[in-house]
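> Curious how this folds, go ahead:
(one chain, ligands or ions: 1)
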Amino acid sequence: MEVIIKPDPEAVSKEAAALFQRQLALKSTSVLGLATGSTPLGFYRELVRRHRDGHVDFAHATTFNLDEYVGLSGDHPMSYRAFMREHLFAQVNMRPDHVHLPDGQTEDIPVHCEDYEDEIRHAGGIDLQLLGIGSDGHIGFNEPSSSLSSRTRLKTLTPRTIADNARFFGSEADVPRHVITMGVGTIMEARQVIVLAMGAGKATAVAAMVEGAITASVPASILQMHPKCALIIDEAAATQLQRADYYRWVYDHKPHWQRP
Ligand code: F6R
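The predicted model follows:
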């Protein structure tokens, strides 16, 4: 895993946007895996800016989001579909029929989840997957103890994730208890993965992900097995890494042809 430590959240967002820009420049028909939450907000702002400046073209891209709350319609302001519309899709030239999110109001969740997996496969698989990480080490909404080979399915949020996400809903009571999420196995099949983390609240999870044992207790730790995964974090999220100086040294000596 490549660990890139940037001075602040803005630099994290810019580095990630540069990687997405390069991906779309290399392959205009890229299949992008997208995340929501507070972590990628600056990243989406930067992507939109680069699109407006004529550097990023979504005309031929396809997207699949990681997850959606069960019970929320796509019009609900806290749904991830609404989040993506507001922060990316309404501001760039994405084709609506190329956008995919799980349907939080589907009547048959298992069948819908299988269909979602089929759609990813038919699109050719995910070229570049963006992830955030939960303070408990989750990716997507694969909470601790999730099978490391799981597929898209229903998950129950932990009380900790409900508490973390209450800031979006106003109160913990309003946070849905269930989500549909891509599985850990689904995420691991993406050809390239970029994980973003910012702030001291993520430092423990980041250290466990990078330097801890691979365990279902920290689902993000399975990314140690991914052949092409970059973790881009700010200084605050890096404070518990034992080998932070080594990661900085590697980045500083990165060959030019490997840089975005
Ligand atoms: C969101 C997602 C989650 C978040 C994680 C971090 O689509 O899949 O794994 O990335 O909960 O959330 P924030 O960024 O709000 O700290």
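> rest of the way, CA atoms for contacts and neighbours
Will do.
> next helix or strand past the helix ranked longest in the chain?
If you go by DSSP state H, the chain has its longest helix at helix 9-26. Where DSSP states H and E defines the elements, the next helix or strand beyond helix 9-26 is strand 31-34.
> who's in contact with the lowest-mean-pLDDT helix or strand in the chain?
When each helix and strand of the chain is scored by mean pLDDT, DSSP states H and E, helix 159-169 comes last, with a mean of 94. When contacts are defined by CA atoms under 8 Å, 6 or more residues apart in numbering, helix 159-169 is touched by residues 78, 134-136, 172, 174-177.
> Would you mind checking those for buried ones?
Buried by 16 or more other CA atoms under 10 Å: 78, 134-136, 172, 175-177, out of these.
> Local confidence estimate at residue 260?
If you check residue 260, the pLDDT there is 80.
> if I pick residue 137, what's in contact with it?
Residues near residue 137 by CA under 8 Å, 6+ apart: 143-144, 205-206, 208-209, 217-221.
> Now with 6 Å, please.
205, 218-220 (CA atoms under 6 Å, 6 or more residues apart in numbering).
> and of those residues, the nearest to the ligand?
Proximity of those to the ligand (CA to the nearest ligand atom) peaks at residue 220, which lies at 9.6 Å.
> Quick check: phi and psi at the residue at minimal distance from the centre of the chain.
With distances taken as CA atoms, centre = their mean, the residue of the chain nearest its centroid is residue 131 (2.0 Å). Listed backbone geometry of residue 131 is phi -130, psi 150, with angles given as degrees, to the nearest 10.
> Three-state assignment for the closest residue to it other than its chain neighbours, please.
Nearest non-adjacent residue to residue 131, counting by CA to CA, 6 or more residues apart in numbering: residue 195, 4.6 Å away. Classification of residue 195 by DSSP: H, G, I helix; E, B strand; the rest coil places it in strand.
> so what's residue 195 bridging to?
For residue 195, the beta-bridge partners are residue 131, residue 231 (DSSP bridges).
> Tell me who's in contact with it.
Shown in contact with residue 195 (CA under 6 Å, 6+ apart): 130-132, 231.
> would JSON lines of the residues you listed with pLDDT and distance to residue 109 be doable?
Listed next are the contacts of residue 195 as JSON lines, based on pLDDT from 0 to 100; distance: CA to CA, whole Å:
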{"residue": "130", "pLDDT": "99", "distance to residue 109": "24"}
{"residue": "131", "pLDDT": "98", "distance to residue 109": "23"}
{"residue": "132", "pLDDT": "98", "distance to residue 109": "24"}
{"residue": "231", "pLDDT": "98", "distance to residue 109": "32"}
